[in-house]
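Participant: I would like to see how this sequence folds:
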Amino acid sequence: MADIKRILAGMTVREKIGQLTQYNANLFVDTDAALTGGNASMGLSDEDLSKVGSVLNFKTPCEMRKIQEKHLRRDRNKIPMLFMMDVIHGFRTMYPIPLALGCSFDTDIVEKCSRMAAREAVAGGVQVTFTPMVDYIRDARWGRVMESAGEDALLNGIMGAAQVKAFQGEDLSAPDNIAACVKHFAGYGGVEAGREYNAVELSEHIMREHYLPAYKKCLDAGAEMIMPAFNTLSGVPSICNSRLMKTILKDEWDFNGIVISDYGAVLDIIRLGVAEDEKEAARLAFENGCDIEMCSPTYFHHLEELIDEGVFDAKRLDEAVLRILDLKNRLGLFEDPYRGASETEEPEIYLSAAHRDIARNAAEECAVLLKNDNILPFSCNVKKIALIGPFADNHKIIGVWSCNGKDEESVTIKQGIERLVPNAEIILEQGCGDEWDDADKSGFDSAVKAAAEADIVILCLGEPQDYSGEGNTRADISLHKIQCELAEAVSSANPNTAAVTFSGRPIVLTSLAKNVPAILHMWFPGTEGGAAAANLLFGKANPCGKLSVSFPELTGQCPIYYNHLPILRDREKGAHHPFCSNYIECESVPLYSFGHGLSYSNFIYEDLTLSKDEITAEETIDVEITVYNDSNTVGKETVMLYMRDVAASNARPVQQLIAFEKVPFGAHERKTIKFKVTEQMLRFWNNDNKFISEPGEFRLSTGYADHLILTKKFILK
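Facilitator: The predicted structure follows:
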């Protein structure tokens, strides 16, 4: 290990400021890597660039090694650079998008996928990943919902913490581990109108109740870094919001790791009208704890001046630099600045059979069977298959945050079915396109003819993968009209039809659900998506995913989520009625709610028992839920435990997930799943911002959000 305090003592102020800056690789080497933001002239000298402490958006380990080698030749202190990248759902072998992983309700799946990604990323030269994103989401129009685990704070935090632990491991210096950066702190998922980079307005109560817990869970899991969000909160940019960055992050949570800005976010303080110029922006960001400025030059331009003027003590600069040097030291970069970056090792692990198995299994576990009117699974003995739709033989199903993944390396639906059912004749018809403005119906007739002649029909529909992700907000999240019309025509020609749908967000499937008897939602499933879909369609795998986010009936319901407050003048399903909280055009509930997900097994919830019906704050309740698999099919069921606080000083959600467990079942197997309920699980943030529980009646339920099967009550004394 290097003596970083000795190194720090020998550094100039300018060299120290260099450690607090991060720039794109194309400032150091020619690269075709995709940039995640603008790259305007920084006004930096070549001497300044020689002092830069970290890099992002490089493409290959060869590029990484060239940059590091050049840097070490020029830096008199021989301090290696840190190399960072957005490893969101895989590095080269892509696994399902994070929103899909949330539907697995399975931390083992998340950990295996993240460990695989870490191994591949290390070989690619990556030392830090900008993952996990645990922004709490309620509005499916926002493009970045695909990066979150869903609309439940508990699930979001559990999945994010699992990623942190898997990426970082027990020992950060171990050769296959990389550091994790949790993002975006805080409330980015609450952007107004679901529009990227927009303002966020949240009450302190809602922020603490729903938005903050997942960040805290990830930091408690040991995340080395945190990234403030682009958005304003109460009119103040997150990066210089003292309430967030000082009071909560530093004082309440005692976070002593590295804070890194998002892309160009320090300059955004000016654009948002909170700083007059670069100097003030640099002051506000550094004053509120931003250690690394990403892709903007205000620290290089003004931080030394601010120290000379006495605005900041030089000790504050040293503290920030020491945090960065310490991370580099614990990663082992002073001993090995290239840390596993190897073009020779890439072919051995990238897309290896073992990694493809992990990706395929994850895709199978994340897929959600939304509807099944005795259609699926199909028989592998089928003779003629009509494979119809824009995603029938489409490689672009790996997801938009694909890092070094390549579309052409993915398994398509057609390829997956050909491998699984080699003796079947497959008739392939695209039918229509997948773009929102596509109106070409010239392929309808041949698609309908193929459907009529086939034994079974598999419709492959959805939104393009680049319709989700950063900057890809949608005003209408409906499955496009032309695809719905194709589905209606094809299903009318052959009712033995199942739809496989792809998306990076919940999409409106109301029309499809009316016309097609089975819907299997795959999200964007990654490299092995087609193989996983084939296994699920033909019964080689049993669907077990549950929705971690609600699917609206119409876009106008957004934002819509299961854990809402009690609704005044609510009504039962039915026709619109004046003076009620309802819509004229549709119901007030989602088409498919949080927790929904079917199986080829038939799970019956038989009993819910509580060990006590009254407890004190010091006591616990043992909860037992008995579930029976009334079928010959082996399967898995995610058993969920919900809570409702019937009356409190604040209105409480109608349902709140407090525990879950994914359980394997054999054919005709009965199991009793046990949970323990503590007083801490009943707490909430009150109007005085105190985290408390209150005496009174509570109800425990199981099932899923809009279909609670069993309920029991108890009293907290």
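Participant: alpha carbons only for contacts and neighbour counts from here, please
Facilitator: Will do.
Participant: Against which helices or strands is the worst-scoring helix or strand of the chain on mean pLDDT packed?
Facilitator: Least confident element among the helices and strands of the chain, by mean pLDDT, DSSP states H and E: helix 346-349 (a mean of 81). Other helices and strands packing on helix 346-349, by 3 or more CA pairs under 8 Å, 6 or more residues apart in numbering; DSSP states H and E, are helix 107-123.
Participant: For the helix it packs on, output the C-alpha coordinates as PDB.
Facilitator: In PDB, the C-alpha atoms belonging to helix 107-123 read as follows (Å, rounded to 0.1, in the frame of the first residue of the first chain):
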ATOM      1  CA  THR A 107     -30.900 -10.800  -4.800                       C
ATOM      2  CA  ASP A 108     -29.100 -13.900  -5.800                       C
ATOM      3  CA  ILE A 109     -29.800 -13.200  -9.500                       C
ATOM      4  CA  VAL A 110     -28.700  -9.600  -9.000                       C
ATOM      5  CA  GLU A 111     -25.500 -10.600  -7.300                       C
ATOM      6  CA  LYS A 112     -24.600 -13.200 -10.000                       C
ATOM      7  CA  CYS A 113     -25.200 -10.700 -12.800                       C
ATOM      8  CA  SER A 114     -23.200  -7.900 -11.000                       C
ATOM      9  CA  ARG A 115     -20.300 -10.200 -10.200                       C
ATOM     10  CA  MET A 116     -20.200 -11.300 -13.900                       C
ATOM     11  CA  ALA A 117     -20.300  -7.600 -15.000                       C
ATOM     12  CA  ALA A 118     -17.500  -6.800 -12.600                       C
ATOM     13  CA  ARG A 119     -15.200  -9.500 -13.900                       C
ATOM     14  CA  GLU A 120     -15.800  -8.400 -17.500                       C
ATOM     15  CA  ALA A 121     -15.400  -4.700 -16.600                       C
ATOM     16  CA  VAL A 122     -12.000  -5.300 -14.900                       C
ATOM     17  CA  ALA A 123     -10.700  -7.000 -18.000                       C
END
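Participant: quick one on the thing from earlier: which other residues reach the least confident helix or strand of the chain?
Facilitator: Applying CA atoms under 8 Å, 6 or more residues apart in numbering, the contact partners of helix 346-349 are Glu120, Ala123, Gly124, His355.
Participant: same thing with stretch 635-643?
Facilitator: So stretch 635-643 is contacted by 105, 542-544, 546, 599-601, 603, 655-667, 673, 698-704 (CA under 8 Å, 6+ apart).
Participant: CA atoms only for stretch 279-299 - export them in PDB, please.
Facilitator: In PDB, the C-alpha atoms belonging to stretch 279-299 read as follows (Å, rounded to 0.1, in the frame of the first residue of the first chain):
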ATOM      1  CA  LYS A 279     -16.300  30.900  -9.900                       C
ATOM      2  CA  GLU A 280     -19.600  30.900  -7.900                       C
ATOM      3  CA  ALA A 281     -20.600  27.600  -9.300                       C
ATOM      4  CA  ALA A 282     -17.200  26.100  -8.200                       C
ATOM      5  CA  ARG A 283     -17.600  27.600  -4.800                       C
ATOM      6  CA  LEU A 284     -21.100  26.300  -4.300                       C
ATOM      7  CA  ALA A 285     -20.300  22.800  -5.400                       C
ATOM      8  CA  PHE A 286     -17.100  22.500  -3.400                       C
ATOM      9  CA  GLU A 287     -18.600  24.100  -0.300                       C
ATOM     10  CA  ASN A 288     -21.400  21.500  -0.300                       C
ATOM     11  CA  GLY A 289     -19.100  18.600  -0.600                       C
ATOM     12  CA  CYS A 290     -18.500  17.800  -4.300                       C
ATOM     13  CA  ASP A 291     -15.100  16.100  -4.400                       C
ATOM     14  CA  ILE A 292     -14.800  15.300  -8.200                       C
ATOM     15  CA  GLU A 293     -16.100  17.600 -10.900                       C
ATOM     16  CA  MET A 294     -17.100  15.600 -14.000                       C
ATOM     17  CA  CYS A 295     -16.600  17.100 -17.400                       C
ATOM     18  CA  SER A 296     -16.600  20.700 -16.600                       C
ATOM     19  CA  PRO A 297     -13.600  22.900 -15.700                       C
ATOM     20  CA  THR A 298     -14.700  25.200 -12.900                       C
ATOM     21  CA  TYR A 299     -12.400  23.600 -10.300                       C
END
